[in-house]
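*Asks:* What shape does this take:
(2 chains, ligands or ions: 2)
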There are 2 protein chains.
Amino acid sequence: SLTPTNRTAQIMKYGFPGMANLRSHNDFILSYDQRNRVPYWVFEHLTPESVKKNDAVDRSKSEFFEDSSVHQFFRATNKDYLGSGFDRGHMAAAGNHKFCQEHVNETFVLSNIAPQVGKGFNRDSWNRLEKHVRKLLFNYPNVYVCTGPLYLPRRESDGKVYVKYQVIGANSVAVPTHFFKVVVCEEKSGGLHMEAYVMPNQVIDDNTPIHSFQVRGKRLRYKMFGSKCSS
Amino acid sequence: SLTPTNRTAQIMKYGFPGMANLRSHNDFILSYDQRNRVPYWVFEHLTPESVKKNDAVDRSKSEFFEDSSVHQFFRATNKDYLGSGFDRGHMAAAGNHKFCQEHVNETFVLSNIAPQVGKGFNRDSWNRLEKHVRKLLFNYPNVYVCTGPLYLPRRESDGKVYVKYQVIGANSVAVPTHFFKVVVCEEKSGGLHMEAYVMPNQVIDDNTPIHSFQVRGKRLRYKMFGSKCSS
Ligand SMILES: [Mg+2]
Ligand SMILES: [Mg+2]
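*Replies:* Ligands and ions are numbered 1, 2, ... in the order given. Sure thing, here's the model as predicted:
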């Protein structure tokens, strides 16, 4: 069995994207953005065991809860989301942590959550992307996933380029313009397969294949912490 | 004389606001925001010696330069500012580091710079605030200064609240909506005196006293990394 420390090393095998406000959970690691009250990024290590159907685990028993390790000045609350029109969208997906009830419960901490458009995105296209990632475990024994929000600049009619995003609730929780997901899969041979996605936080037509949101890894790495105009 | 390590401890005597992308210079410490290509915050420790007129130091010999320690994906360049209409505004002020030419030169690294409105702000009101801070050294032997950008939310006509800021150049360098400065002064008796300021990044009437931008410390600490609607 794994101690939390070597589980962290396992999850973060391919390196930390940053060191800001790290939080180590039993089955995922996150870096928290105090300014926006959502994660900078979340890292997961998936195996066939961690995503396998488990009758002992019931997602409907999990409840969203504040992260008491975050100072209340920088903490998102359930009240911030209430009536906002946005879903509390998981970055580390609940369905990726079915090893035990405690693991799935931990994904409901609000520091792992960001405001997502519900119908047409969180419950549909984004969910299809999450399922696609889990299906990779049929082909790869180890899958590493980095997920997070983006705030991409856009040129406006005055010719200037702006970053603009809504914030919700008394704590001004940021509504990201896009979300990214970078997946690194270990082949049985030891080789690596990588996929990277950027999806806009908006209603997406159900007929749009998730592969149309696939991007080059280098460009996405750029986007994870920097940002260029979306093309 | 001081080794760089104990100089860092001296500058950061009152604690680090965060640990993200720290850069330690001879006379100031900064935390760099890769997403916005400007600092999160800059920390200085001023003494009467560090701000005293020094004929051996000539600010006009200093040139703005890229921070080669920052990955080029996340680095601001002089070209980003060129023709933008914004000044390259110092966070750690050049005038605070007159001990030697090397110290003043180091404040010209672009990771210590953010786009500021020139006339009416950087060259006027913001400069008056910087001078005010230096004058505190007539009364206090040690002054600690934390300075940085803010991106404050605003309610728009649709009733929703947004963060919106311009970005400039090929590297999308953020133009902050406001800047903050928090000053902690050590009294000879050992007591502490604190002042905190938030100024909008816009033309400010020269007759507006800087004290009208003074805010309560607690609210500003909130604003340094979080943000509420400006009142
Ligand atoms: Mg979801
Ligand atoms: Mg200046």
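
*Asks:* helix or strand for the residue lying farthest from the centre of chain A, which one?
*Replies:* Within chain A, residue A:158 marks the point farthest from the mean C-alpha position, 33.3 Å out by Cα atoms, centre = their mean. Here residue A:158 is covered by no helix or strand, with elements defined by DSSP states H and E.

*Asks:* Give me the pLDDT for it.
*Replies:* We have a pLDDT of 97 for residue A:158.

*Asks:* For the spatially most central residue of chain A, what are phi and psi?
*Replies:* Chain A has residue A:91 as the residue nearest its centroid, 2.4 Å off, counting by Cα atoms, centre = their mean. Note on residue A:91: its backbone torsions stand at phi -90, psi -60 [degrees, to the nearest 10].

*Asks:* Residue A:116 is in contact with that one, correct?
*Replies:* No - Residue A:91 lies out of contact with residue A:116 (Cβ atoms under 8 Å); the separation is 9.7 Å. (Each C-beta comes from the backbone N, C-alpha and C, glycine too.)

*Asks:* if I look at these two, which residues touch both of them?
*Replies:* residue A:179 (Cβ atoms under 8 Å, 6 or more residues apart in numbering or on different chains).

*Asks:* beta partners for residue A:186?
*Replies:* residue A:142, residue A:192 (DSSP bridges).

*Asks:* what's it in contact with, if anything?
*Replies:* A:140, A:141, A:142, A:143, A:144, A:192 are the contacts of residue A:186 under Cβ under 8 Å, 6+ apart.

*Asks:* first to last residue in stretch A:83-96, what's the distance?
*Replies:* This stretch, stretch A:83-96, spans 28 Å end to end (Cα to Cα, to the nearest Å).

*Asks:* now swap in stretch A:43-51 and tell me
*Replies:* End to end - Cα to Cα - stretch A:43-51 spans 15 Å.

*Asks:* Chain A: helices as residue ranges?
*Replies:* Along chain A, counting by DSSP state H, helices occupy A:4-11, A:48-51, A:78-81, A:101-106, A:125-135, A:217-225.

*Asks:* mind showing which ranges of chain A have poor pLDDT?
*Replies:* The model of chain A has pLDDT under 70 over residues A:1-5, A:217-231.

*Asks:* quick one: the closest residue to residue A:176 other than its chain neighbours and ligand 1, what's the gap?
*Replies:* By the measure of Cβ to Cβ, 6 or more residues apart in numbering or on different chains, the closest residue to residue A:176 outside its immediate chain neighbours is residue A:149, 3.2 Å from it. Distance, residue A:149 to ligand 1, by Cβ to the ion, to the nearest Å: 13 Å.

*Asks:* For residue A:149, name its beta-bridge partners.
*Replies:* Beta-bridge partners, per DSSP bridges, of residue A:149: residue A:179.

*Asks:* Against residue A:30, how distant is it?
*Replies:* Look at residue A:149 and residue A:30: by Cβ to Cβ, to the nearest Å, they are 12 Å apart.

*Asks:* How about residue A:20?
*Replies:* 10 Å.

*Asks:* of those two, who's got more company?
*Replies:* The neighbour comparison of residue A:20 against residue A:30 (other Cβ atoms under 10 Å in any protein chain shown) goes to residue A:30, with 25 against 20.

*Asks:* Next up, the contacts around the more buried one.
*Replies:* A:22, A:23, A:39, A:40, A:41, A:42, A:43, A:91, A:92, A:111, A:112.

*Asks:* and the third one, what does it touch?
*Replies:* Residue A:39 makes contacts with A:30, A:31, A:32, A:33, A:91, A:111, A:112, A:114, A:148, A:149, as judged by Cβ under 8 Å, 6+ apart.

*Asks:* Turn these into TSV, columns for distance to residue A:124.
*Replies:* Putting the contacts of residue A:39 into TSV (distance: Cβ to Cβ, whole Å) gives the following:
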residue	distance to residue A:124
A:30	24
A:31	27
A:32	27
A:33	26
A:91	17
A:111	25
A:112	20
A:114	17
A:148	20
A:149	18
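
*Asks:* Next step: those restricted to strands.
*Replies:* Counting by DSSP state E, the part of the contacts of residue A:39 found in strands is A:30, A:31, A:32, A:33, A:114, A:148, A:149.

*Asks:* follow-up on the earlier one: not counting sequence-adjacent ones, nearest residue to the residue nearest to the centre of chain A?
*Replies:* residue A:42 is the one closest to residue A:91 (Cβ to Cβ, 6+ apart), at 4.0 Å.

*Asks:* Quick one: neighbours of that neighbour, just the number.
*Replies:* Neighbour count of residue A:42, defined by other Cβ under 10 Å: 28.

*Asks:* Was I right to think it contacts residue A:89?
*Replies:* No - Residue A:42 lies out of contact with residue A:89 (Cβ under 8 Å); the separation is 11.4 Å.
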